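Engineer: the sequence isn't on hand, but the structure is:
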């Protein structure tokens, strides 16, 4: 079974995370850019995902985006928070 997301090296210290559901010429194909620093990896999410921007390993970022997509936490919505209504001050 093919994985939906893959991390592909683009330089000695850089990776792109791809969504394999979309073709290469589709803007949705690129999910994130990962850049290695001394002790951690900076992630720039191309999609609006509620995920951290710093990881210890590239694999951790890849795991998080897979988990987020499977659970639907990136797209899930909740009921509105009720706001108490008070009568106007006289």
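Structural biologist: Noted; the coordinates are in hand. Just so you know, these numbers come straight off a predicted model, no measurement behind them. Numbering: from 1, shown residues only.
Engineer: name the residues that touch the helix or strand hosting residue 64?
Structural biologist: Take DSSP states H and E as the rule and residue 64 turns out to sit in helix 58-71. Contacts with helix 58-71, where a contact means Cβ atoms under 8 Å, 6 or more residues apart in numbering, come from 3-7, 15, 17, 31-32, 34, 36, 41, 43, 49-52, 55, 73-74. In this view, the C-beta of every residue, glycine as well, is placed from N, C-alpha and C.
Engineer: and these, which of them are buried?
Structural biologist: Buried subset of those (neighbour count, 16 or more other Cβ atoms under 10 Å): 5, 7, 15, 17, 31-32, 34, 41, 43, 49, 51, 55.
Engineer: return the subset of those residues lying in strands.
Structural biologist: Counting by DSSP state E, the buried ones among the contacts of helix 58-71 place 5, 7, 15, 17, 31-32, 34, 41, 43, 55 in strands.
Engineer: rewinding a little: which one of the buried ones among the contacts of helix 58-71 sits closest to residue 87?
Structural biologist: Using Cβ to Cβ, residue 49 comes nearest to residue 87 of the buried ones among the contacts of helix 58-71, at 42.1 Å.
Engineer: who's in contact with residue 40?
Structural biologist: Contacts of residue 40 (Cβ under 8 Å, 6+ apart): 54-56.
Engineer: ok, so what distance separates it from residue 21?
Structural biologist: 28 Å (Cβ to Cβ, to the nearest Å).
Engineer: just residue 85 next, same as before
Structural biologist: Relative to residue 21, and taking Cβ to Cβ, residue 85 is found at 45 Å.
Engineer: rewinding a little: adding pLDDT and distance to residue 67, write the buried ones among the contacts of helix 58-71 out as a markdown table.
Structural biologist: Output for these, formatted as a markdown table (pLDDT from 0 to 100; distance: Cβ to Cβ, whole Å):
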| residue | pLDDT | distance to residue 67 |
| --- | --- | --- |
| 5 | 93 | 10 |
| 7 | 93 | 15 |
| 15 | 95 | 18 |
| 17 | 95 | 13 |
| 31 | 94 | 13 |
| 32 | 95 | 14 |
| 34 | 96 | 16 |
| 41 | 95 | 17 |
| 43 | 95 | 14 |
| 49 | 87 | 11 |
| 51 | 92 | 9 |
| 55 | 95 | 13 |
